[in-house]
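Enquirer: no sequence for this one, just the structure:
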């Protein structure tokens, strides 16, 4: 049992069963994220550490020690120089039909990270293309930068895991226990779920690579 799991067990009345699901609801992160923290596959960011400190009634330093996490360098500056970090691409996510996500790849984007657990997903489909707002649309072939440690609010774009192994990118709107996943493209229908444990993370940015074009015929 890891230090994190022991802390979960103590917090959950000495029962590890159900503790991860309980924490995911308390922190508004997916159970996948909590499980990866428990396995040591991810380390929580500064925002998540602050939340845990309040939930577990410990200091932020104690939480960092449990995960062996260093204090976040918000500016990514080492010896006075800007450090270029690469964000891992973890598969595909759908902006129309379902695609498998969170599979490890060997692809990285040259994008400055602002959180330790951020990752990118390549978009397939056009459900986030808003015909009335093309500048703020997400297009097929774009990459979205996802942060699992940032709380998503109504109107934010999120990555959601559906039916276990599939995912989609949509705007989230909560109405009580109901969560509506709404596409920007009006040709697609919203997806309705209950609870919020299926949320993988909030989309905080879009990376659009320059694409080749055919030469114009003058």
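Expert: That came through, no problem. Computed from a predicted model, the values in this text were never measured in an experiment.
Enquirer: quick one, domains of this protein?
Expert: Domains of the chain are assigned by automatic domain parsing as 3-67, 83-207.
Enquirer: mean pLDDT lowest for which of the ones you listed?
Expert: The weakest mean pLDDT among the domains of the chain belongs to domain 83-207, with a mean of 82.
Enquirer: burial check on the residue nearest to residue 39 when sequence neighbours are not counted, number of neighbours?
Expert: Closest residue to residue 39 apart from its sequence neighbours, by C-beta to C-beta, 6 or more residues apart in numbering: residue 2 at 8.0 Å. No exception for glycine: its C-beta is placed from N, CA and C like everyone else's. Using other C-beta atoms under 10 Å, residue 2 is surrounded by 13 other residues.
Enquirer: make a markdown table out of the domains of the chain and add mean neighbour count and distance to residue 215.
Expert: Shown next, in a markdown table, are the domains of the chain (neighbours: other C-beta atoms under 10 Å; distance: least, C-beta to C-beta, whole Å):
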| stretch | mean neighbour count | distance to residue 215 |
| --- | --- | --- |
| domain 3-67 | 17 | 45 |
| domain 83-207 | 17 | 20 |
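Enquirer: how about these, which one is nearest residue 213?
Expert: domain 83-207 (13.2 Å; C-beta to C-beta).
Enquirer: the strands in this protein, which residues?
Expert: 77-78, 81-82, 87-94, 99-100, 108-109, 119-124, 143-147, 157-162, 166-175, 178-182, 191-194, 199-207 (DSSP state E).
Enquirer: beta partners for residue 173?
Expert: Beta bridges link residue 173 to residue 180 when assigned by DSSP bridges.
Enquirer: er, residue 147 actually
Expert: Bridge pairing for residue 147 - DSSP bridges - gives residue 202.
Enquirer: name the single longest helix found in this protein.
Expert: Counting by DSSP state H, the longest helix found in the chain is helix 46-56.
Enquirer: what angle do it and strand 143-147 make?
Expert: Calculated by axes from the mean of the first three to the mean of the last three C-alpha atoms, to 10 degrees, helix 46-56 forms an angle of 30 degrees with strand 143-147.
Enquirer: contacting residues around helix 46-56?
Expert: Residues outside helix 46-56 that contact it (C-beta atoms under 8 Å, 6 or more residues apart in numbering): 7, 11, 23, 26-27, 29, 44, 58-60, 62-64, 67, 69, 71-72, 74, 115, 149-151.
Enquirer: and with 7 Å instead?
Expert: With contact meaning C-beta atoms under 7 Å, 6 or more residues apart in numbering, helix 46-56 is reached by 7, 11, 26-27, 44, 59-60, 63-64, 69, 72, 149-150.
Enquirer: same check on stretch 15-30?
Expert: So stretch 15-30 is in contact with 5, 8-9, 11-12, 31, 34-35, 38, 48, 51, 55, 148, 151, 161, 196-200, going by C-beta under 7 Å, 6+ apart.
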